[in-house]
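J.: Sequence plus the predicted model coming up.
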Amino acid sequence: MTQIVHMRGMNKYFGTLHVLKEIDLTVEAGEVVVVIGASGSGKSTLIRCVNGLEEFESGKLVVDGNELAPKSGNPKALAEIRKEVGMVFQQFNLFPHLTVKKNIMLAPMKVKDASQTTANATAERLLNRVGIGSQADKYPSQLSGGQQQRVAIARALAMEPRLMLFDEPTSALDPEMIGEVLDVMRELAKEGMTMMVVTHEMGFAREVADRVIYIHEGQIVEEGKPADVFDNPQNERTQAFLSRVLAH
Amino acid sequence: MEFQFQFDWQAAINSIPYLLKGVPYTLLISFGGLAIGFVLGIIFGLLSINKKWFFRWPATAYIEIFRGTPILVQVLFIFYGLPDLIGGPIDPLTAGIAAIALNSGAYISEVVRGGVQSIDKGQTEAGLSLGLSRSQTFWSIIWPQAFRRMIPPLGNQAIVSIKDTSLFSVIGVGELVRQGQVYIANTFTAFEVYFVVAIMYLAITLSLSLVLRLIERRGLASV
């Protein structure tokens, strides 16, 4: 199998705070890896390192054959990685001055020199795929949170990514809208998209993940199939965390 | 002794054609200066938030110097001082435009800085994560949003600069106030003439306010 993400001995600091400690992690093509952990554990930082939104201080990180050097030392690889890796944010981060369709068309036209016609067709196809084809000419602020997040997913997909990163994609949503976003993600996973997902949705993790990773204070303390991690956690920190989040 | 003042409407009306000759100069200095000031403001505003100190420091120095000294001193310096340095006279119109440009440029730099910094950093992250370069992200995502927020303070600065041009009567540019002074010197109708001068400034600034409000409303409607 092809390795999409390959991390070895990765360390990341915020000032003197050691947020990621000796991370070893591999994501194979087609795999869905869900990262769980308490807030402040470093799980978001971990996936933000993958597309260089955070730089790391030491260790090795290869994404789809492009090796990133510590301290953003390899801008060429970084540019390649960002073209191949899509990201969905907790706060959607749609561009409020552009219509939904233009949000999706922007990157293919600017980065891949796609023609207006091609980009337009791609945008319409993807909007239909995430179930909001009729909203194409609206502005993001006119959409519900769930719809905005689906647009954000479509926007990332327009670049035909090899890997999708999801950074707590449903944490800012009203409860009744979480399902529609998870449905889109579930579909993506089914179609074979390689995904790294940071989430608090344990039900989704159990159902969709090929592998679950539990991070505690910047370290991977448990890793395995969802059934093993959720039903039979080995590490006592994982047990404590799961009993807290699964209790309610 | 009883003192009675009568507003002389005829004198006021008579002064209008002569005063109107000053309006093109007032507009030319204001808007010529503001146009250059806008370019300076974009350049120095963006430099002032650059990560590298050797871009940031000179920009900050420029902003502080021109915000921290009176525009009257600036224009006197340009008109009377600079000729010594460059070895030739500067015409009053050029000096006036330069003063408005440099002065408004400093304030507009701050407007640009504030506008750009007010945009959520998630917007930059979204642009970069889609593969856009830093400059593509800035010009197609950050700048259009920041510019929209900059319109009200830019309008404010335009009004301030229009009024600032009145100070340039001291270097003999034939703008509104200068025209008024010359007219009064011959007719001794100070009250009426300055009243008309004030009304003319008000007409210019109110028209501008109106235009700005229309632009703002259109801008907000499309977000």
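T.: Alright, I've got the coordinates. Everything numeric in this text was worked out from a predicted model, so none of it was measured. Residues are numbered from 1 along each chain as shown, chains lettered A, B, ... in the order given.

J.: C-alpha only now, for contacts and for neighbours.
T.: OK.

J.: Run through chain B and note the low-pLDDT ranges.
T.: By pLDDT under 70, the weakly predicted segments of chain B are B:1, B:219-223.

J.: would you list every one of the helices in it?
T.: Across chain B, reading from the start of the chain, the helices by DSSP state H fall at B:9-20, B:23-47, B:53-68, B:71-76, B:82-86, B:92-117, B:121-129, B:134-137, B:143-164, B:176-187, B:190-221.

J.: which bits of chain A sit near chain B?
T.: When proximity is defined as Cα under 8 Å from any Cα of the partner chain, chain A approaches chain B at A:51, A:53, A:79-87, A:91, A:93-98, A:107, A:110-111, A:139, A:141, A:156, A:159.

J.: what comes into contact with the helix or strand harbouring A:Asn103?
T.: Assigned by DSSP states H and E, A:Asn103 belongs to helix A:100-111. Where contact means Cα atoms under 8 Å, 6 or more residues apart in numbering or on different chains, the residues beyond helix A:100-111 that reach it are A:83, A:94-95, A:114-116, A:119-120, A:122-124, A:135-140, A:151, A:154-156, A:158-159, B:127, B:130-132, B:136.

J.: Smallest gap between chain B and chain A, at which residue?
T.: B:Gly131 (4.5 Å; Cα to the nearest Cα).

J.: what's the most buried one of the helices of chain B?
T.: helix B:92-117 (a mean of 24; mean count of other Cα atoms under 10 Å in any protein chain shown).

J.: and the angle for that one with helix B:23-47?
T.: 40 degrees (axes from the mean of the first three to the mean of the last three Cα atoms, to 10 degrees).

J.: start to end distance for stretch A:206-221?
T.: For stretch A:206-221, the first and last residues are 18 Å from each other (Cα to Cα, to the nearest Å).

J.: In strands, which of the contacts of helix A:100-111 appear?
T.: Secondary structure from DSSP state E places none of those in strands.

J.: Quick check, B:Glu125 in contact with A:Leu53.
T.: Yes. With contact defined as Cα atoms under 8 Å, B:Glu125 reaches A:Leu53; the gap is 6.9 Å.

J.: before we move on, back to that, and the helix holding A:Asn103, which residues are buried?
T.: Of all the residues in helix A:100-111, those buried under the rule 16 or more other Cα atoms under 10 Å in any protein chain shown are A:100-110.

J.: Make CSV out of the residues you listed and add pLDDT.
T.: Output for the buried residues of helix A:100-111, formatted as CSV (pLDDT from 0 to 100):
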residue, pLDDT
A:Val100, 97
A:Lys101, 97
A:Lys102, 97
A:Asn103, 97
A:Ile104, 97
A:Met105, 97
A:Leu106, 97
A:Ala107, 97
A:Pro108, 97
A:Met109, 97
A:Lys110, 96
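
J.: Please state the offset of the longest helix seen in chain A from the chain centre?
T.: The helix spanning the most residues in chain A, taking DSSP H as the definition, is helix A:175-190. On the basis of Cα atoms, centre = their mean, to the nearest Å, helix A:175-190 is displaced by 13 Å from the centre of the chain it belongs to.

J.: Same check on stretch A:154-174?
T.: Going by Cα atoms, centre = their mean, the spacing between the C-alpha centre of stretch A:154-174 and its chain's C-alpha centre is 6 Å.

J.: Can you tell me the closest non-neighbouring residue to the most centrally placed residue in chain B?
T.: Closest to where the C-alpha atoms of chain B average out (Cα atoms, centre = their mean) is B:Ser161, at 3.2 Å. Excluding its sequence neighbours, the residue lying closest to B:Ser161 (Cα to Cα, 6 or more residues apart in numbering or on different chains) is B:Ser30, at 6.1 Å.
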